[in-house]
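Asks: sequence? don't have it. structure:
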DNA sequence: GCTCTTGTGTGACTTCATCACAGACTCACC
DNA sequence: GGTGAGTCTGTGATGAAGTCACACAAGAGC
């Protein structure tokens, strides 16, 4: 009881005590180091992932080998993909990579099923996660189809930096974020640099004028 | 019992008889004419849609007014979006348009919830729908990010035609299908025409060489 | 120092999107 | 039958983004 991780999920706090207990008893707690594959295509999930700490990047890899980042799962969230596959018996179509050390609660299929049947709150948690992911994917689609690369990149830089002064990222990584090409990102970053918005050195980007960058991001 | 529509859904057939009965009693049967808005952004769904007949096109509209088709829901399928929003209490982010006359079973929120609680089969139906839609969206994203317009258009023409000799569609409609621009589609269709793959007249496309078109579609 | 790997810069070229039109085909209406 | 409005299609010019090929620079390990 010293570490009742269910408290981290507002929806879980509302569960009846006996279900929370079942959850604590039945779920495994796992830790994954940074930069590890949490799940990958062609793999049947056996557990629902609830993230207690850390961040998982979910990305799609085309046959050509090119990648694009779809969304990120952060502490307090569950992985909608896993959930759907878990019950539908479908294979993954995307891969998840830990960006930090990740602590997760693994809920086995049977327990997941039990919770779904017995708890309104749990169902809301699961479906809310689905709705959010869908919305994330819609945003990706809209940006891909109609968005300019400049604003998209500016926005992504700010998102990734999370308020920090510097961002560690290669041009290739940023290209993958947006599903674009490395050269395109290089040229765009140079443009930002000439405008005095950022400074660059190998592998890092320093923000010089966050306000203007924000304006660019808003297109 | 003359029209036990639950038989149209393989997963529903496996329901315990009393639940199927609850479903037949509690669900409304509705008919929507062609080319009507079935659902739209900023609208809270009150019912889960199960399509008994017809086809609904789900598309996303950007603020700029440009649109892109996300996927289609056909007879025997349920609308994953509606489901997620229904339980998550989120607003729609996409709109659904009936492409044919549509017959649907409307399952009210309470009944939906009850079925989720009581039936494995129903849960599988719902989550399978989610998994499929996710996979559809991944395909859209992959094509947008990395696919060429030629193969994408060829493939879409074939998909829309469903084996028919002719396809009724304007260039603008096809552009919306792919999230592209009308002029781009016009030029691409002209290219297909010059290659002898199709013939065009106002609002319709005739297939002259489906084999070659299929090859183009496969890139 | 040197080599190897990884990251970045750059020019030429292709593809796609955008803008601004001009025709051409329907169809209703006179 | 003509006439005009609305819709659909064709086309050139231009710009934005992706692709290809290659050079060079920074750091890591020896």
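Replies: Cool, got the structure. For clarity, every value in this text was computed on a predicted model and none was experimentally measured. Numbers count the residues shown, from 1 in each chain, chains lettered A, B, ... in the order given.

Asks: does the residue nearest in space to the middle of chain A count as helix, strand or coil?
Replies: Computing the C-alpha centroid of chain A and ranking residues by CA atoms, centre = their mean puts residue A:72 first, at 0.8 Å. Three-state call for residue A:72 (DSSP: H, G, I helix; E, B strand; the rest coil): strand.

Asks: how about it, what does it touch?
Replies: By CB atoms under 8 Å, 6 or more residues apart in numbering or on different chains, residue A:72 lies in contact with A:55-58, A:99. Yep, even glycine has a C-beta here, placed from its N, CA and C like the rest.

Asks: report the longest helix in chain A, please.
Replies: helix A:120-146 (DSSP state H).

Asks: Buried residues of that helix, list them for me.
Replies: By neighbour count with 16 or more other CB atoms under 10 Å in any protein chain shown, helix A:120-146 contains the buried residues A:121-123, A:125-138, A:140-146.

Asks: Whether stretch A:163-170 contacts DNA strand D - can you check?
Replies: No. With CB under 7 Å from any atom of the strand as the criterion, DNA strand D is not reached by stretch A:163-170; the gap is at least 11.8 Å.

Asks: looking at this, residue A:34 is in a helix?
Replies: No. The assignment for residue A:34, made by three-state DSSP, is coil rather than a helix.

Asks: Is DNA strand C within reach of the strand or helix carrying residue A:173?
Replies: In the assignment (DSSP states H and E), residue A:173 maps to helix A:171-178. Yes. Using CB under 7 Å from any atom of the strand, helix A:171-178 reaches DNA strand C at A:171-172.

Asks: okay, the angle between that helix and helix A:120-146?
Replies: For helix A:171-178 against helix A:120-146, the angle by axes from the mean of the first three to the mean of the last three CA atoms, to 10 degrees is 110 degrees.

Asks: before we move on, back to that, of the contacts of residue A:72, which is the nearest to DNA strand C?
Replies: residue A:99 (15.2 Å; CB to the nearest atom of the strand).

Asks: Do you know the pLDDT at that closest one?
Replies: You'll see residue A:99 listed with a pLDDT of 94.

Asks: Mind listing the residues bridging to the spatially closest residue to it that is not a sequence neighbour?
Replies: Leaving aside its sequence neighbours, residue A:99 sits nearest to residue A:55 (CB to CB, 6 or more residues apart in numbering or on different chains; 4.6 Å). Beta-bridge pairing of residue A:55 under DSSP bridges involves residue A:74.

Asks: tell me the contacts of residue A:55?
Replies: By CB under 8 Å, 6+ apart, residue A:55 lies in contact with A:72-75, A:98-100, A:102.

Asks: Apply 7 Å and report the result again.
Replies: Applying CB atoms under 7 Å, 6 or more residues apart in numbering or on different chains to residue A:55 gives the contacts A:72, A:74, A:99-100.

Asks: ok, it to residue A:73 distance?
Replies: 7 Å (CB to CB, to the nearest Å).

Asks: Residue A:11 now?
Replies: Going from residue A:11 to residue A:73 by CB to CB gives 15 Å.

Asks: Compare neighbour counts for those two and give me the winner.
Replies: Neighbours around residue A:11 and residue A:73, counted as other CB atoms under 10 Å in any protein chain shown, are more numerous at residue A:73. The numbers are 27 against 19.

Asks: my guess is that one meets residue A:53, correct?
Replies: No. Contact between residue A:73 and residue A:53 fails when scored by CB atoms under 7 Å: they sit 11.6 Å apart.

Asks: Following the chain past the lowest-mean-pLDDT helix or strand in chain A, name the next helix or strand.
Replies: Least confident helix or strand of chain A, by mean pLDDT, DSSP states H and E, is helix A:80-88 with a mean of 81. Using DSSP H and E, the helix or strand that follows helix A:80-88 in sequence is strand A:95-98.

Asks: Wondering if whichever helix or strand comes after that next one reaches chain B at all.
Replies: Next in sequence after strand A:95-98, counting helices and strands by DSSP H and E, comes strand A:102-108. No. Judged by CB under 7 Å from any CB of the partner chain, strand A:102-108 and chain B are separated, with a smallest distance of 14.7 Å.

Asks: Show me the strands paired with strand A:102-108, marking each as parallel or antiparallel.
Replies: As defined by DSSP bridges, the strand partners of strand A:102-108 come to strand A:28-32 (antiparallel), strand A:47-53 (antiparallel).

Asks: The ones you listed into JSON lines, with extra columns for mean neighbour count?
Replies: Below are the strands paired with strand A:102-108 laid out as JSON lines (neighbours: other CB atoms under 10 Å in any protein chain shown):
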{"stretch": "strand A:28-32", "mean neighbour count": "13"}
{"stretch": "strand A:47-53", "mean neighbour count": "22"}
